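K.L.:
what would the 3D arrangement of this be:
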Amino acid sequence: MATITKRDLIVQVTNSTGLTQQQVSEVVQHFVDEVSRHLANNDEVVLRNFGSFETRVAKAKVGRNPNAPEKAVPIPARVVVKFKPGKELKERVAQLLPQLSK
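P.N.:
The predicted structure follows:
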């Protein structure tokens with residue numbers, strides 16, 4: 001399993017579109033900025049055939065310190081970003097199962 005960075009994606013899009021790396025980099029950065037801005041406004045971001053991003057509240061809970069398990073550590077409520085994959089992405093990822101079981 002490889003790790004693909006934003007830079008890797010920019011190079012791949014540049015190679016497949018003929019746009020310059022600077023142009024692709026600016027578009028990718030604007031995309032990330034806009035998605036972040038909408039999530040910060042509690043908006044859901046839906047990318048058809050890919051998935052959706054939304055914010056949810058993770059309830060407060062009590063955790064344990066692994067070095068001192070007898071001590072309870074309160075974990076406050078917080079807002080987290082959740083991703084729900086779309087149908088096509090689920091289907092493509094499901095094809096990995098036969099490859100991973102080899």
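
K.L.:
residue ranges of the strands in the chain, please?
P.N.:
Counting by DSSP state E, the chain has strands at residues 45-47, 51-58, 61-65, 68-75, 78-85.

K.L.:
quick check, residue 24 in contact with residue 14.
P.N.:
Yes: using C-beta atoms under 8 Å, residue 24 makes contact with residue 14 at a distance of 5.0 Å. Where you see a C-beta, it was placed from the backbone N, CA and C, and this is true even at glycine.

K.L.:
ok, those two, which is more surrounded?
P.N.:
residue 24 (19 against 16; other C-beta atoms under 10 Å).

K.L.:
and the pLDDT for the more buried one?
P.N.:
We have a pLDDT of 97 for residue 24.

K.L.:
walk me through the domains of the chain.
P.N.:
As given by automatic domain parsing, the domain ranges for the chain are 1-40, 44-102.

K.L.:
comparing the ones you listed by mean pLDDT, which bottoms out?
P.N.:
domain 44-102 (a mean of 91).

K.L.:
contacts only, for the spatially most central residue of the chain.
P.N.:
What sits nearest the mean C-alpha location of the chain, by C-alpha atoms, centre = their mean, is residue 83, with 6.2 Å. Shown in contact with residue 83 (C-beta atoms under 8 Å, 6 or more residues apart in numbering): 51, 52, 53.

K.L.:
7 Å - rerun?
P.N.:
Counting by C-beta atoms under 7 Å, 6 or more residues apart in numbering, residue 83 makes contact with 51, 53.

K.L.:
if anything else comes up later, I'll come back, but that's it for now.
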